[in-house]
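1. need coordinates for the following:
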Amino acid sequence: MTKPDPVRLKEKIEAVLARAGVEARAFAERAQKEAGLDLERLIDPDGEAVLSLVDGEVSSGAASLAMPMELITFETWLLGHLGDHDALDFDVGAHEEIWFALGAWLSETLRARHGGFWLIGGEDPRAWRVGFSKVLLEIAPHAFAERLLRAGHGCAQRMLAEIERLRVLHEAQAESEQGRATDKYTPQHYARIHSVPLAQWFALDLARVRSAWTEGSVTALRALILEAGKRLPPQNAPVVAKLHEHLGSLDGERPAAAQSVDRGLFEAVAQVLAMRRGTSPIAADVLEKVVMPALHVGVPETFPPLDQADVERVKQGIDLFALWVDVVPYAHPGEDGGFLGSFSPTELGTPYPDRRNLEVGKGDWLVVNPVRLRPMLAQFDAARLLARFDAFVEYVRAQPGAPRASDTGRGLVETAARAIADLQATLAAAGQVEGGALVFRLLPPPS
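-> Take a look at the predicted model:
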């Protein structure tokens, strides 16, 4: 395999950035010249267009009435470049020009407003992303631009709502950091997201799915799938329909378990029929090396003495929360060599009727007995954890020879606190149904 040429790669990225900047400015200038629109005013949080979004959520009719003229004008102007909406082709000609320009304007506008950087992942602009430096979030502006243009009527409000959502998200982050969010994330953080598997906990009504899979007929199971699908968001409809169709290939009079040992099919049925809540996916190594140790540490009232080696690690730039989970003694014992350093083999089980070996690294689900988690989660308090971490930062800074680190690891402790609170709620959801189970799985990194 030939290694990529770093010089050519750098030149390619620079060419992308240059084109995006030029196209974004040209898009705004065309809107001003051809439609009399000031796009900065259009997305102004205090402007009429953004304020109309609140009223627009009442109903589709109310949304039409609430749309201010500048938003109607923008949508009319934008879609007017497409001509026949049934023959869209965003790879050539005028369609490609307006699509690329819209994506460039979205990305450059959001980068200028919030701070961020391009993440170039191939030749197709649909794969290009923008990552933000103050919140760990990335968007695919050209993929979004294509969806907007294909959607047609209503695309302007959808675009504005997304821009406003990102602004509110950044404002909330700033408020959590005493009024001014700091730059915490770099392209390396985002590269890692796409190379490290993600871990997720979820609450599953295991008794229900096992009964439907092993005892009832496939015909009854298909009926349950359709009924459960009605309660899912509309975007899940194709998945439910495909699952219903796949089950239709089995003998309707017999249970599915007697005809299939396909774990993927069992998982699909379980997710539609019996999943009650799931945590947000988190990098597997962060869960194992930071979140679970933080749960075992708890919220300490005092801190242990630090030796010279610890001070040296501070000088070398270690996140202070990583130091915290390493040096503060566990309030709740872990399991040496156990799963996630927390669970013994006797506390793990399989959700699958086939009872074969599990391959968690390949995505198999793992049922985890929560007996260890319950007392730890019952005592968890996110606000106290953050307060004690701030005290730990001052404790570290007071050590002889320790530098006053500017990047303390506050983002890491906030990530851990959110993940633990998420697990707390998921475990509670598992306990709300008889036969509920706490399940762990690994997901592949985002593509």
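
2. which residue ranges of the stretch 51-200 of the chain form strands?
-> Using DSSP state E, counting those that start in this stretch, the strands of the stretch 51-200 of the chain run over 116-119, 129-132, 138-139, 198-205.

3. among those, which is nearest Ala28?
-> Evaluated with C-beta to C-beta, the strands of the stretch 51-200 of the chain place strand 129-132 nearest to Ala28, the distance being 17.3 Å. Placement of C-beta: from N, CA and C, glycine included.

4. packing partners for that closest one?
-> Here strand 129-132 touches helix 93-114, strand 116-119, strand 138-139, helix 187-193, going by 3 or more C-beta pairs under 8 Å, 6 or more residues apart in numbering; DSSP states H and E.

5. give the rounded mean pLDDT of it.
-> Averaged across strand 129-132, pLDDT comes to 92.

6. strands paired with it, and their directions?
-> Note on strand 129-132: by DSSP bridges, its sheet partners are strand 116-119 (antiparallel), strand 138-139 (antiparallel).

7. give me the contacts around that strand.
-> For strand 129-132, the external contacting residues (C-beta atoms under 8 Å, 6 or more residues apart in numbering) are 107, 110-111, 114-119, 121, 137-141, 166, 170, 185, 187, 189-190.

8. would you mind giving me the PyMOL syntax to select the buried ones in those residues?
-> To isolate the buried ones among the contacts of strand 129-132 in PyMOL, judged by 16 or more other C-beta atoms under 10 Å, type:
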select buried, resi 107+110+111+114+116+117+118+119+137+138+139+140+141+166+170+185+190
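
9. next, format the helices and strands packed on strand 129-132 as JSON lines and append mean pLDDT and distance to Ala382.
-> Formatted as JSON lines, the helices and strands packed on strand 129-132 follow (pLDDT from 0 to 100; distance: least, C-beta to C-beta, whole Å):
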{"stretch": "helix 93-114", "mean pLDDT": "93", "distance to Ala382": "25"}
{"stretch": "strand 116-119", "mean pLDDT": "89", "distance to Ala382": "27"}
{"stretch": "strand 138-139", "mean pLDDT": "91", "distance to Ala382": "25"}
{"stretch": "helix 187-193", "mean pLDDT": "78", "distance to Ala382": "22"}
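
10. possible to save these as a markdown table with distance to Val325?
-> Below are the helices and strands packed on strand 129-132 laid out as a markdown table (distance: least, C-beta to C-beta, whole Å):
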| stretch | distance to Val325 |
| --- | --- |
| helix 93-114 | 30 |
| strand 116-119 | 29 |
| strand 138-139 | 27 |
| helix 187-193 | 19 |
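
11. just so I know, which of those lies nearest Gly21?
-> Closest approach to Gly21 among the helices and strands packed on strand 129-132 is made by helix 93-114 (6.2 Å; C-beta to C-beta).

12. what is that closest one packed up against?
-> Right, helix 93-114 is packed against helix 6-35, strand 116-119, strand 129-132, helix 141-151, helix 155-176 by 3+ C-beta pairs under 8 Å, 6+ apart.

13. the longest one vs helix 93-114, what angle?
-> Note on geometry: by axes from the mean of the first three to the mean of the last three C-alpha atoms, to 10 degrees, helix 6-35 and helix 93-114 are set 100 degrees apart in direction.

14. mind listing what's buried in helix 6-35?
-> Ala20, Glu23, Ala24, Phe27, Ala28, Arg30, Ala31.

15. show me which of the residues you listed is closest to Tyr395.
-> The closest of the buried residues of helix 6-35, once distances to Tyr395 are taken by C-beta to C-beta, is Ala20, at 45.7 Å.

16. and the pLDDT for that closest one?
-> 88.

17. isn't it right up against Glu108?
-> Yes. Contact status for Ala20 versus Glu108: in contact at 6.0 Å, counting by C-beta atoms under 8 Å.

18. ok, Glu70 to Leu160 distance?
-> 10 Å (C-beta to C-beta, to the nearest Å).

19. check Glu146 too.
-> If you go by C-beta to C-beta, the gap between Glu146 and Leu160 works out to 17 Å.

20. if we ignore the residues flanking it in sequence, what's nearest Gly83?
-> Closest residue to Gly83 apart from its sequence neighbours, by C-beta to C-beta, 6 or more residues apart in numbering: Ala94 at 7.8 Å.

21. burial of that neighbour, as a residue count?
-> 11 (other C-beta atoms under 10 Å).

22. got it, and the one 3 residues further on?
-> By other C-beta under 10 Å, the residues close to Glu97 number 15.

23. cool, and Glu175?
-> 11.

24. low-confidence ranges, the chain, go.
-> 1-9, 54-66, 84-86, 405-407, 446-447 (pLDDT under 70).

25. walk me through the domains of it.
-> Domain assignment for the chain, taken from automatic domain parsing, gives 6-193, 206-276, 278-443.

26. how far out from the middle of the chain is the first one?
-> The one in question is domain 6-193. 19 Å (C-alpha atoms, centre = their mean, to the nearest Å).

27. just the second one next, same as before
-> Relative to the mean C-alpha coordinate of its chain, domain 206-276 is positioned 26 Å out (C-alpha atoms, centre = their mean).

28. ok, now how distant is the residue lying closest to Phe144 once chain neighbours are set aside from Ile72?
-> Distances taken as C-beta to C-beta, 6+ apart place Leu106 nearest to Phe144, at 6.7 Å, with adjacent residues excluded. From Leu106 across to Ile72, the span is 19 Å (C-beta to C-beta).

29. which of the two has more neighbours?
-> Neighbour count, other C-beta under 10 Å: between Leu106 and Ile72, Leu106 has more, with 22 against 14.

30. please report the distance of the nearest residue to Val314 once chain neighbours are set aside from Ala387.
-> Leaving aside its sequence neighbours, Val314 sits nearest to Ala402 (C-beta to C-beta, 6+ apart; 5.2 Å). Separation of Ala402 from Ala387 (C-beta to C-beta) stands at 21 Å.
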